[in-house]
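>>> fold the following.
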Amino acid sequence: MFEIKNCPGTLAPNYATYSTTALRRLFGGKKVSPFMELLYDNEDTTEEIVENIKRISISGVQEKLSAIIRKGKICLTPEGEQGLYIIKPAPSNKSLRFRNQIPANEHLTMQIARQVFAIETGENGLLFFQDNTPAYIIRRFDIARDGTKIKQEDFASLLGKTSLTHGGSFKYTGSYEDIATCIKRYVAAWQAEMAKFFKLVVFNYQFCNSDAHLKNFSLQQTPDGDYCLSPAYDLLNASLHVKDSDFALEEGLSPNLVKSDVYSRTGHPCKEDFETFGKLIGLNEVQVQKALHSFTGSDEQVKLLISNSYLDERSKRMYLRTYEERVSRFNRIN
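Predicted coordinates:
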């Protein structure tokens with residue numbers, strides 16, 4: 001059996017299974033094995049897996065498995081039951097570079113967001129199939145602990161964008177200012193949520209998440225009936241797998257952004273542009289600087305988590321290099 005050396009949840013070193021912290025966060029404190037009694041082949045899926053994918057899939061998304069915990073093991077959700085977890089194996093799309101590294105990439109990026117930058121994320125980890133290949137697992141945050149469904153809408157829906165209205169690439173249309181405008185419209189205490197959104201936009205830029213499209217941001221209803229940003233999800237360093245770009249959305253930060261000299265000259269935004277964007281979406285100077293300050297002095301923590309991750313050695317080097325290049329671009333002043 002494959003040897004686990006770091007916690008597949010928190011990436012803490014010297015664990016042969018999930019740490020106590022990971023078990024508490026991801027499985028409610030239950031003892032759960034990181035090994036799943038399933039052989040998943042992304043080239044030739046079984047009928048059972050195909051049917052499970054059909055039940056969990058949403059429009060435009062594939063290769064997600066619904067799961068539950070039963071007798072200390074992660075299992076596919078039987079038909080008629082409510083799955084509490086989503087498993088994302090390595091995708092079968094062969095146009096993606098290093099596609100078998102995607103589960104470890106997403107897990108690492110989500111852990112960095114939470115542990116280093118205090119960004120609220122869905123509870124997540126890795127599991128291992130029978131052939132020891134890893135898959136990403138996340139606890140569904142649209143289902144409460146008592147099993148009730150939590151109302152949630154992504155920003156493509158909130159902005160009224162579909163394939164019929166905006167074409168096949170509808171989720172990549174518009175700008176991040178459009179999301180901010182939507183937050184103001186639907187969230188009563190919008191300034192607190194706007195600060196979280198701003199921080200997430202900066203994070204996605206620094207960690208090369210060029211797939212942060214409209215459907216990867218959502219609002220969620222609170223028990224009081226108000227709305228807030230949902231925990232962050234689908235975070236990964238996309239530059240390892242596809243051609244790199246600064247932003248997922250076609251109009252970038254905002255079509256109304258007054259670009260810095262650096263942005264105008266190089267075609268890439270820097271810290272000054274994010275400061276301008278923060279103020280454009282309604283944050284004050286203190287809020288903007290507080291968010292940006294959280295991105296300083298974090299290199300060693302990021303490097304440690306990359307080192308402890310389940311990426312292969314080549315992907316670890318690529319991940320670190322692209323992150324360092326993007327931070328250098330972010331901090332450019334001339």
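>>> alpha carbons only for contacts and neighbour counts from here, please
OK.
>>> now stretch 252-270: buried residues?
252, 253, 254, 259, 260, 262, 263, 268, 269, 270 (16 or more other CA atoms under 10 Å).
>>> and residue 29, what does it touch?
For residue 29, the contact set (CA atoms under 8 Å, 6 or more residues apart in numbering) comprises 20, 23.
>>> that one in helix, strand or coil?
Following DSSP: H, G, I helix; E, B strand; the rest coil, the label given to residue 29 is coil.
>>> what's the spacing between it and residue 139?
Separation of residue 29 from residue 139 (CA to CA, to the nearest Å) stands at 13 Å.
>>> A strand includes residue 153, no?
Yes. Under three-state DSSP, residue 153 falls within a strand.
>>> ok, it touching residue 227?
No. At 10.1 Å, residue 153 does not count as touching residue 227 under the criterion of CA atoms under 8 Å.
>>> and those two? which has more neighbours close in?
Per other CA atoms under 10 Å, whichever of residue 153 and residue 227 has more neighbours is residue 227, with 21 against 17.
>>> quick check: bridge partners of that one?
residue 221 (DSSP bridges).
>>> quick one: contacts for it?
Residue 227 touches 186, 187, 188, 219, 220, 221, counting by CA under 8 Å, 6+ apart.
>>> most neighbours among those, please name it.
residue 219 (22 neighbours).
>>> quick check: closest non-adjacent residue to that residue.
Sequence neighbours aside, residue 229 is the residue nearest to residue 219 in space, at 4.5 Å (criterion: CA to CA, 6 or more residues apart in numbering).
>>> same deal with residue 220?
In space, residue 220 is closest to residue 152, 4.4 Å off (CA to CA, 6+ apart).
>>> with residue 281 instead?
Leaving aside its chain neighbours, residue 281 sits nearest to residue 180 (6.1 Å; criterion: CA to CA, 6+ apart).
>>> now do that neighbour against residue 159, distance only.
From residue 180 to residue 159 the distance is 11 Å (CA to CA).
>>> who's more crowded, these two?
residue 180 (20 against 14).
>>> in terms of secondary structure, what does the host helix or strand of that one contact?
Take DSSP states H and E as the rule and residue 180 turns out to sit in helix 176-186. Secondary-structure packing of helix 176-186 (3 or more CA pairs under 8 Å, 6 or more residues apart in numbering; DSSP states H and E): helix 155-158, helix 190-206.
>>> returning to what we had before: which one of the contacts of residue 227 is nearest to residue 113?
residue 219 (18.7 Å; CA to CA).
>>> make sure the closest one is indeed in a helix.
No. Per three-state DSSP, residue 219 lies outside any helix segment and is strand.
>>> quick revisit: out of the helices and strands packed on helix 176-186, flag the one nearest residue 332.
Of the helices and strands packed on helix 176-186, nearest to residue 332 by CA to CA is helix 190-206, at 12.8 Å.
>>> buried sites along that closest one?
190-191, 193-206.
>>> thinking again about what came up before, same list, the buried residues of stretch 252-270, but as TSV with distance to residue 292, pLDDT and secondary structure please.
Below are the buried residues of stretch 252-270 laid out as TSV (distance: CA to CA, whole Å; pLDDT from 0 to 100; DSSP: H, G, I helix; E, B strand; the rest coil):
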residue	distance to residue 292	pLDDT	secondary structure
252	19	98	coil
253	16	98	coil
254	18	98	coil
259	18	98	coil
260	17	98	coil
262	18	98	helix
263	18	98	helix
268	17	97	coil
269	14	98	coil
270	12	98	coil
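>>> nearest to residue 278, of these?
For the buried residues of stretch 252-270, the nearest to residue 278 is residue 253 (9.7 Å; CA to CA).
>>> my read is that the closest one contacts residue 276, right?
No. The pair residue 253 / residue 276 is not scored as a contact, 9.9 Å apart, by CA under 8 Å.
>>> the strands in the stretch 1-150 of the chain, which residues?
For the stretch 1-150 of the chain, the strands defined by DSSP state E, counting those that start in this stretch occupy 65-70, 73-76, 85-88, 124-128, 134-139.
>>> could you export these as TSV, including mean pLDDT, mean neighbour count and distance to residue 10?
Converted to TSV, the strands of the stretch 1-150 of the chain look like this (pLDDT from 0 to 100; neighbours: other CA atoms under 10 Å; distance: least, CA to CA, whole Å):
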stretch	mean pLDDT	mean neighbour count	distance to residue 10
strand 65-70	96	20	19
strand 73-76	96	19	18
strand 85-88	97	23	17
strand 124-128	97	26	7
strand 134-139	97	24	13
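>>> ranges for the helices of this structure?
Applying DSSP state H to the chain gives helices spanning 20-27, 47-56, 102-115, 155-158, 163-166, 176-186, 190-206, 261-266, 271-280, 285-293, 299-308, 313-330.
>>> can you give the domain ranges for this structure?
Taking automatic domain parsing as the reference, the chain has its domains at 20-139, 152-295.
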